[in-house]
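Peer 1: Got a predicted structure here, sequence first:
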Amino acid sequence: MKHDDELREEIDAHLAMRREWNERRGLNAADAQQATQRQFGGELRTLEAMRAVHRWIWLDQAVQDVRYSFRGFRRSPGFTTVAIATLAIGIGASTAVFSAIDPLLFRPLPYPHGDRLVSVGYFGPVDSNEFQLVSTQFDWRREQLPFESLTAMRTGGQCDLGSEVPRTVPCYQVEANFLPTLGVAPLMGRLFTADEDRPGGPRVALISHALWQSEFGGDASVLDRTITVDEQPVRILGVLPRGFVMPQLGEVDLLQPARFDDRLPRSQTSQQFIRSFARLRDGVTVQQAREQLQPLFEDSVRKDVPAELRSDVRLVVRSLRDRQYHDLIPASWMLLGAVGALLLLACFNVANLLLARTAARRRELALRAAIGAGRGRLIRQMSTESLILALAGGTAGTLLALVLVRLFVRLAPGSAFPFEKVVVDARILIFSLAVSVLSAFVFGVFPCTERPNPEALAGWRNAGAVSNRLRVILVTAQIAASLVLLSGATLLSQSLSRLQNQPLGFTPDHLISATINARGSRYQRPEARGELLDELETRLSRLPSDEFAMSDSSPLAGSLGRPYSNIRVANRPPLPANGGLVMNRWVTPGYFRALHIPMIKGRDFSEFERASGESVVILNSALARKMFGAESPLGERIDLDGGAGWSSIVGVAADSKNIRIDQPADPEYYRLRPKGRPSYSGIAWFRTGMTVEALAKLVQAEVASIDPSLPVTFGTLQDRVDQQVKQPRLIALLVVVFALSGLLLAAVGLYGVMSFLVTQRTREIGVRMAVGARGRDVAIMIARFAGFCTTAGAIVGVLASLALARFARTLLFEVSPYDPFSIGISVLVLAGAVALAAGFPAMRAAKMNPAVSLRTD
Amino acid sequence: MSRPDQLQGTLELLILKTLVTGPNHGFGITLHVQEVSGGLLNIEDGSLYPALHRLEKNGLVRGEWRKTASGRRARFYAITKAGDKRLAEAAKNWTSVVEGVQRVMGLA
């Protein structure tokens, strides 16, 4: 800023020179002074104007621009409403999606320096996530190569809280250094000590903030209080911070010491599956950690993994974020891409609206330019308008996002996408603001390419050539973008429909499961567990149902398999090593009837075999094929588990989904459960028309008559199926909604531009019709424009879809990302929408009365 | 954005045109405009200065304190390269500006 004295001095110098000049012209001193004053005008006003040049010019003009913009918006409420609504859709959808995937892709994990945390362990065909063995954990902890600290937790479980109302809560057992490794301190009280984390140490626990509130009313005296957990007295040491979640995203109410026993023989500790996490040393990357750990890993594999499985396992070291969200990352990007495309479509629409508006305001702009507004000034004016529109759209969009998030939760409650947990905080608002400003830039840049043309003052309409070309580009881009969205949506819908309509191998509806876990001191002895299951079977089979059976595990629930190479076939060479794992289940006769799994060969188990104590087995088709190829396995005798005893194969059951519904059935064998065989859990299957609630009453009464403290959980196989369909359904649904919104925007955009063109060419159409063109010819002339945009847009769109297709591959079930049918359908839908959008303006043109149209303007 | 504005503030145009003849102070510019236009364009002295400063801020003229022939300290302005360019373009478009203004005024 200029110094005020300097401005003053400049004016004084001028006044002095003028006064001298006046005196030289013969005026006396007083008159010269007066004339000088008159000639100069207001000194103070001039001074102020000079100051303004240096000081306020920017702000003044900004205020002016804002005021001017609002005046303009008030004058065209229709334009303003449509523009803001369009932007609100784009920004709202983006914000809603971003708010849900932000924690998955971008937001720091809820642990200090969470990017230094990794999950480590074996990866094998046993589990979809890496696991660790206690023996290996001991080895690695001694070496501690790339890690600042290494810790582990036992795989989760349920604990029974023995208060007045027995309650089952999620609980975990973790090493003493577990929370320090994560960087989490207790809200109250203290952590476990190493002494408490030793076998035979005192029984202690940390409780969650939620449990503290619900069970103890947030009372500070909870510390050192003793509660009953799984029938044992346990002292409460501390309270976990609010919202604490386990690093594998498990909810937790109770943390107890893991108390791994390093005095146990390796043969036992290598059978204990745990989860291991670590904090990297400063400067060590995940890749380096993996390399440093590799020799140690190979050493542990030799010690802990049976030879035949060694080639099936590999070392995994990956970031905690990857561990938590790996499965959701492709879907997250897909959703982000879809809303991005939608936002782009919205911006292009607003750009088109602005272009039309600029055309209508050409005279106004030219006039402003004529009275001294520079081009930069006009651009700033238009940018101000764009920014105001974007901010209004952003505000409306953020509100819309709140509604959309609720809607998404309603559509897919409990889906893996954390829409339920969305909190609109500063991060989300900043995102929304950033998107708004970015949008303003995208749609605001187009009208700025127009330049005020003095000829426009004359009212000539010839200055539209540049913006017409822009309009073609915009509409073409819109058509291309909406085609990409559409083909994504058709691919996902088709994939979803195949997923939902594929044969599962069992009939999930009207099939209710009741799961009973034999935990607690009463069932320490295996005999007690065996008796419990026998008793349950006897009593529950008497309940009214069409079919009844029991098994020790459920399909689609994930379970450990046994090595394929453990199986021996009598009088045949041993099976090849590295055959992976084979699922297995103990079932009662009637299992296949209850689940509607057909027998392909041989026969079902019978009570007779059970009574005779015969050891019989049924293979699923996948295992039969794997072991015997085309030969019939019936009558073969096999030893299932390395010397466990010989069984006869009596049947082959059809394959039924046993791991995930989007994967083919794993090899599996079923064994007939003999009376008295113990297992920790029993699942009773009822095929019945009853509701879950009605059946639950009956079952609970029966279970209570055996042991009132036994908890029973009810479910259906349909629930498990639905759980696995939930996420693909949500993604497909969202992308379809975005695609349809995008299509609507593109159609509205095309319609707008076509209408504009028809209006613009009214005179030309009038002339053509006056010299004999028929309505049809005019319609075709107009439609040719739409045809051009559509063809160009469709070509670009198809190419873009094909280029982007590979990113969708992991999300698709039995549909090729290059599926021509899907792309064809998308093109057809698009063509239909375009025909509709272009049809009306073309018809209007065809029906024009030449006499009227020649008179316009 | 290669093409400059076709339309200029008239006063600023006159100032630039004056400075082509050589650096001058505000008062000198006033005299020159008055003289050359034969008294037709009689601008109020004070209105010159905000315009001069605006031109300087936009880099079209450069100002510095110097002594006049009579030894008085005054701020002299000189046209810059950018100013030359702007002037040339503005002059080229002047006709169309006039024509446009005339149409608006209903003079054409």
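Peer 2: Now that the structure is in, tell me what you want to look at. Numbering: from 1, shown residues only, chains lettered A, B, ... in the order given.
Peer 1: Tally up the residues packed near residue 15, please.
Peer 2: Reading this off chain A. 19 (other Cβ atoms under 10 Å in any protein chain shown). Using the backbone N, CA and C atoms, a C-beta is placed for each residue, glycine as well.
Peer 1: wrong one, chain B
Peer 2: B:Ile15: 28 surrounding residues under other Cβ under 10 Å.
Peer 1: Looking at the stretch 551-700 of chain A, what residue ends up closest to chain B?
Peer 2: A:Asp662 (53.8 Å; Cβ to the nearest Cβ).
Peer 1: For A:Val815, list the residues it contacts.
Peer 2: A:491, A:494-495, A:498, A:822 (Cβ atoms under 8 Å, 6 or more residues apart in numbering or on different chains).
Peer 1: For the chain, give the helix that spans the most residues.
Peer 2: Assuming you mean chain A. Longest helix of chain A, by residue count under DSSP state H: helix A:717-760.
Peer 1: nope, chain B
Peer 2: helix B:81-105.
Peer 1: Could you name the helices and strands sitting against it?
Peer 2: Applying 3 or more Cβ pairs under 8 Å, 6 or more residues apart in numbering or on different chains; DSSP states H and E, one finds that helix B:81-105 contacts helix A:362-370, helix B:10-19.
Peer 1: Now tell me what touches stretch A:316-324 from outside.
Peer 2: By Cβ under 8 Å, 6+ apart, the residues outside stretch A:316-324 that reach it are A:104, A:109, A:111, A:114-115, A:117-123, A:129-130, A:247-249, A:277, A:286, A:289-290, A:293, A:326.
Peer 1: My error: substitute stretch A:637-652 in the last question.
Peer 2: A:562, A:566-570, A:584, A:599-605, A:609, A:614-621, A:624, A:633-636, A:669, A:671.
Peer 1: Let's see which of the residues you listed end up in helices.
Peer 2: Judged by DSSP H, the contacts of stretch A:637-652 include A:609, A:621, A:624 as members of helices.
Peer 1: Touching, the first one and A:Pro674? I think so.
Peer 2: Yep, that's A:Glu609 we're talking about. No - at 9.4 Å, A:Glu609 and A:Pro674 do not qualify as touching, with contact defined as Cβ atoms under 8 Å.
Peer 1: what distance separates stretch A:78-97 from the middle of the whole chain?
Peer 2: Offset of stretch A:78-97 from its chain centre (Cα atoms, centre = their mean, to the nearest Å): 22 Å.
Peer 1: now do stretch A:480-489
Peer 2: Computed by Cα atoms, centre = their mean, the chain-centroid distance of stretch A:480-489 equals 19 Å.
Peer 1: before we move on, what about stretch A:481-492?
Peer 2: With Cα atoms, centre = their mean, you get 18 Å for stretch A:481-492.
Peer 1: same thing with stretch A:439-450?
Peer 2: For stretch A:439-450, the distance to the chain centre is 32 Å (Cα atoms, centre = their mean).
Peer 1: how about the CA coordinates for that stretch, as PDB?
Peer 2: Backbone C-alpha positions of stretch A:439-450 (Å, rounded to 0.1, in the frame of the first residue of the first chain) are rendered in PDB as follows:
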ATOM      1  CA  SER A 439     -17.100 -27.900  -9.000                       C
ATOM      2  CA  ALA A 440     -17.200 -24.100  -9.300                       C
ATOM      3  CA  PHE A 441     -14.000 -24.300 -11.200                       C
ATOM      4  CA  VAL A 442     -15.100 -27.100 -13.500                       C
ATOM      5  CA  PHE A 443     -18.400 -25.500 -14.500                       C
ATOM      6  CA  GLY A 444     -17.300 -21.900 -14.100                       C
ATOM      7  CA  VAL A 445     -14.500 -22.100 -16.600                       C
ATOM      8  CA  PHE A 446     -16.800 -22.700 -19.600                       C
ATOM      9  CA  PRO A 447     -18.700 -19.400 -19.600                       C
ATOM     10  CA  CYS A 448     -15.400 -17.600 -19.100                       C
ATOM     11  CA  THR A 449     -14.300 -18.600 -22.500                       C
ATOM     12  CA  GLU A 450     -16.900 -16.300 -23.900                       C
END
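Peer 1: Check whether it comes into contact with chain B.
Peer 2: No - contact of stretch A:439-450 with chain B (Cβ under 8 Å from any Cβ of the partner chain) is absent, the minimum separation being 8.8 Å.
Peer 1: Show me which positions of that stretch end up buried.
Peer 2: When burial is assessed from 16 or more other Cβ atoms under 10 Å in any protein chain shown, stretch A:439-450 yields the following buried residues: A:439-440, A:442-448, A:450.
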